[in-house]
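*Asks:* Return atomic coordinates for the entry below.
(one chain, ligands or ions: 1)
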Amino acid sequence: MEPAAFWQAAAPGWIRHADRHDVRARPLGEVALRALAVRPGERVLDVGCGCGGTTAELAAAAGPAGAAVGVDLSVAMIDAARARFPGPRFVAADIEAVDAVPGGPFDAAYSRMVLMLLADPVAGCATVRRCLRPGGRLAATVFRAGPGNAWLPAAMLGAAPHLGALPPLPVGAEPGPFALADPERIARVLAAAGFTDVAAEPHDVVMTAPDDPDDVAEWLIELGPAGAPYRQATPDAQAAARGGAARLLARFREPGTGYRIPSALWLVTARTAGPA
Ligand SMILES: C[S@@+](CC[C@H](N)C(=O)[O-])C[C@H]1O[C@@H](n2cnc3c(N)ncnc32)[C@H](O)[C@@H]1O
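*Replies:* The predicted structure is shown next:
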C-alpha cells in the first residue's frame, strides 16, 4: 500500500486519539527531545508531526524568539494540528518530494517514529538535511526490532480476526515499523542523505495508560494497520476486535493500576557539516 494512501486512511484514528496519544506516546520521543535540547530563539523542524503535539512542545522550548514548524504528509492531520495548536506553523507536504520545508533554515530537526515509514528514507532525510543550517542537528526515534515492541503486533493480531482485510505487511526494507531496526541501515541512510556524526543509541522506554482495556485496545488498534478496517466494521465486530486486542495486551496490564507498555527504540542523532 502506498504510504500516502495508508496515512490518508489512518488519519481519522490518529485525530480521534490525538489528546491521549500526546500523553501516552510521550516516552517514544522523550530521549530525542532531551538530545536535541532546543534553546530559546532556535528554529526547529518536526518531521512527520502528525497531529502536532510534539511540534507544540518544540515551539514552547524555542520560545517567542524562536519557531517550530511541523510537516506531515496527511492534510487531515495537519488541519487537526492547526486547530489544536494555534502557535506553531504546520505544513502539509511529503518530505520525500519537496525541495525544502518553508520556514527554514532550521537549527534543529526532530522526528518521532517517522523515518522508518518513508518510502525513500534517503530522499526524505536529504530534504531534512537541506532544511538545516550548516552545523544543524537532528534527533529522531525509530523502533528497534520486534521482540522489544510486542505491543505493536498484539493490537493488530488481536483485532484482525474480527475485521476485514488488512493492508499487506511490509517485507524487508519496505516502509514499516521495523524498516530501520538495523543500526547499520540507519547509518547508511543518513550518510547517503549527507549527514555526519551519525549515531544510534538503544533506549528502552515504557508507555503508561489508565486501566481501561477497551480504551487502550481502541487507541492501539486505530494507530496501526487495523485502524481503517476497524472503522469500517459493525459495532459488534468493533467490540470483538477491542476484546481480542485487549486479551493480547493483558500482559501489560496491572488491574486497578493501569498499563505499562515497554517499547525498544533507537535514538538517532546526526549533524550537518559546518560549525555547530
Ligand atoms: C507513526 S506516525 C508518527 C506521528 C508523530 N510523529 C507521533 O509520534 O505521534 C508517522 C507520521 O509520519 C507521517 N509521514 C509518513 N510519511 C511521510 C512523508 N513522506 N512526509 C511527511 N510525513 C510523513 C504520517 O502522515 C504520520 O503522521
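
*Asks:* Show me what from the chain comes close to the ligand.
*Replies:* Along the chain, the residues adjacent to the ligand under the rule Cβ under 6 Å from any ligand atom are 3, 7, 21, 25, 29, 48-50, 54, 71-74, 77, 94-96, 112-114, 117-118, 124. C-beta here means a position set from N, CA and C on the backbone, and glycine is covered the same way.

*Asks:* Buried subset of the residues you listed as a ChimeraX selection?
*Replies:* To isolate the buried ones among the residues of the chain next to the ligand in ChimeraX, judged by 16 or more other Cβ atoms under 10 Å, type:
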select :7,21,25,29,48,49,50,54,71,72,73,74,77,94,95,96,112,113,114,117,118,124
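
*Asks:* Inside helices: which ones of the residues of the chain next to the ligand?
*Replies:* 3, 7, 21, 54, 77, 124 (DSSP state H).

*Asks:* between the residues you listed, which is closest to the ligand?
*Replies:* The shortest approach to the ligand among those belongs to Trp7, at 3.7 Å (Cβ to the nearest ligand atom).

*Asks:* Give me the buried positions along the helix or strand bottoming out on mean pLDDT in the chain.
*Replies:* Lowest on mean pLDDT, DSSP states H and E among the helices and strands of the chain sits helix 3-16, with a mean of 92. Counting neighbours by 16+ other Cβ under 10 Å, one finds that the buried residues in helix 3-16 are 6-16.

*Asks:* what's in contact with it?
*Replies:* Here helix 3-16 makes contact (Cβ atoms under 8 Å, 6 or more residues apart in numbering) with 21, 50-51, 73-74, 76-77, 80, 94, 117-119, 167, 175, 221-223, 225, 227-228, 230-231.

*Asks:* how about the nearest residue to Leu132, chain neighbours excluded?
*Replies:* Of all residues not flanking Leu132 in the chain, Thr272 sits nearest, at 4.7 Å (Cβ to Cβ, 6 or more residues apart in numbering).

*Asks:* In the stretch 101-250 of the chain, which residue sits nearest the ligand?
*Replies:* For the stretch 101-250 of the chain, the residue closest to the ligand is Arg112, as judged by Cβ to the nearest ligand atom, at 3.6 Å.

*Asks:* so who does Ala241 touch?
*Replies:* For Ala241, the contacting residues are 158-160, 162-163, 217, 221, 226, 230, 233, by Cβ under 8 Å, 6+ apart.

*Asks:* Now it: closest residue in space, sequence neighbours ignored.
*Replies:* Nearest to Ala241 is Ala159, by Cβ to Cβ, 6+ apart, at 3.8 Å.
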